[in-house]
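Q: dropping the sequence and predicted coords here.
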Amino acid sequence: MTDLRTHAAEIAEQFSDHLDVSTDDVEERLERLVSEYRVPVDEARRSVVNSYLDEAGIERDELGGGAGGNEQTLLNDIDQDEQWVDVRAKVVDLWEPRSDSIAQVGLLGDESGRMKFVSFTTSELPELEEGKSYALGNVVTDEYQGNFSVKLNRTTSITELDEEIEVGDDSTAVEGALVDIQSGSGLIKRCPEEDCTRVLQNGRCSEHGNVEGEFDLRIKAVLDDGDEVHEVIFNREMTEELTGIELDEAKQMAMDALDTTIVEEEMRGDLVGYYYRVTGPTFGRYVLANEVEQLGAPTDAEELLIKARSM
Ligand SMILES: [Zn+2]
């Protein structure tokens, strides 16, 4: 069978319950798009499927994924909208659905990372249990503002697995010389309003105005590997581990000096010029440090920068 013929056979099979459509009909439509209009095969396939959906008056999720079966996909490899895939994943987390139309919503995880999933009430699927691992056949990928998720639908097959799927943490590791500590590091105050935690600027929260802040420790650092710079955030726990300065001690330092910025200065003196390897998840442009390891001996920061840039 030619490639187009294979596609045509799959599409005809998908619609066999809904329309009287032959493989020849489908192939003819595909052929016209691909040969006459130079449409790429994937796009032609999508377009033909859409037109049959219109003819049948059904939604995409009422349709099977095709007789040929889908590709077994790792969550982290999903990078296209509206693909039919099979995944093997563990239910890492279940959230409270915000709408009656949603039966379940939560996080799936596999060795490559985590991804949101949704199943709809109309699909009438058996419920997934948190902590259990499943083979999920025929799920559809979805993209919203660059974030991917998978949708379970009425054709999805759910098989509980005996083995437990190992869930990766999709963290990255960066290493380099710590060349700068950004403002807003050291001893900071955060807004105490619930779920706010914004860092106060001169006692003001940008959302809640003047508030009695709560002290915290944080470092926003820049690591330079000679090729790229990485911005890394150390939370209180990681800052304490990295600097050996605990929150109470930092408060005492600030009180003695009548100046909170002394803590940042002290940390700058302790850290700039050293090489570190930092591991953690990424959030926007930041790496959130979960682990930190000092590499090698200290170097003069200035010398280091020059060397790094010449590499
Ligand atoms: Zn606030």
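A: Structure received.

Q: for the rest of this, base every contact and every neighbour count on C-alpha atoms.
A: OK.

Q: low-confidence ranges, this protein, go.
A: For the chain, residues meeting the criterion pLDDT under 70 lie at 1-2, 61, 64-69, 145-146, 170, 283-284, 297-311.

Q: what parts of it come near the ion?
A: Cys191, Cys196, Cys205, Glu207, His208 (CA under 5 Å from the ion).

Q: could you tell me which of the residues you listed count as buried?
A: Cys191, Cys205 (16 or more other CA atoms under 10 Å).

Q: now, which of the residues of the chain next to the ion lie within strands?
A: Cys205 (DSSP state E).

Q: could I get the full set of helices for the stretch 101-250 of the chain?
A: Using DSSP state H, counting those that start in this stretch, the helices of the stretch 101-250 of the chain run over residues 236-243, 247-257.

Q: and the shortest one, what does it pack against?
A: If you count contacts as 3 or more CA pairs under 8 Å, 6 or more residues apart in numbering; DSSP states H and E, helix 236-243 packs onto strand 214-224, helix 261-271, strand 291-295.

Q: right, and Leu200 touches Glu193 too?
A: No. Counting by CA atoms under 8 Å, Leu200 stays clear of Glu193, with 11.6 Å between them.

Q: the more surrounded of those two?
A: Shown here are Leu200 and Glu193; by other CA atoms under 10 Å, Leu200 has more neighbours (24 against 15).

Q: buried residues in the lengthiest helix in the chain?
A: With secondary structure taken from DSSP state H, the chain has its longest helix at helix 41-56. Within helix 41-56, the residues scored as buried using 16+ other CA under 10 Å are Val41, Ala44, Arg45, Ser47, Val48, Val49, Tyr52, Leu53.

Q: please enumerate residues in contact with that helix?
A: Residues outside helix 41-56 that contact it (CA atoms under 8 Å, 6 or more residues apart in numbering): 4, 7, 11, 15, 18-19, 26, 29-30, 33-34, 59-60.

Q: out of these, which are inside helices?
A: Using DSSP H, the contacts of helix 41-56 in helices are Leu4, His7, Ile11, Val26, Arg29, Leu30.

Q: let me know the closest of the residues you listed to Tyr286.
A: His7 (43.0 Å; CA to CA).

Q: the closest one: neighbour count?
A: Neighbour tally, His7, other CA under 10 Å: 21.

Q: do the same with Ile78
A: Applying other CA under 10 Å, I find that Ile78 has 17 neighbouring residues.

Q: tell me the spacing between it and Ser149.
A: 9 Å (CA to CA, to the nearest Å).
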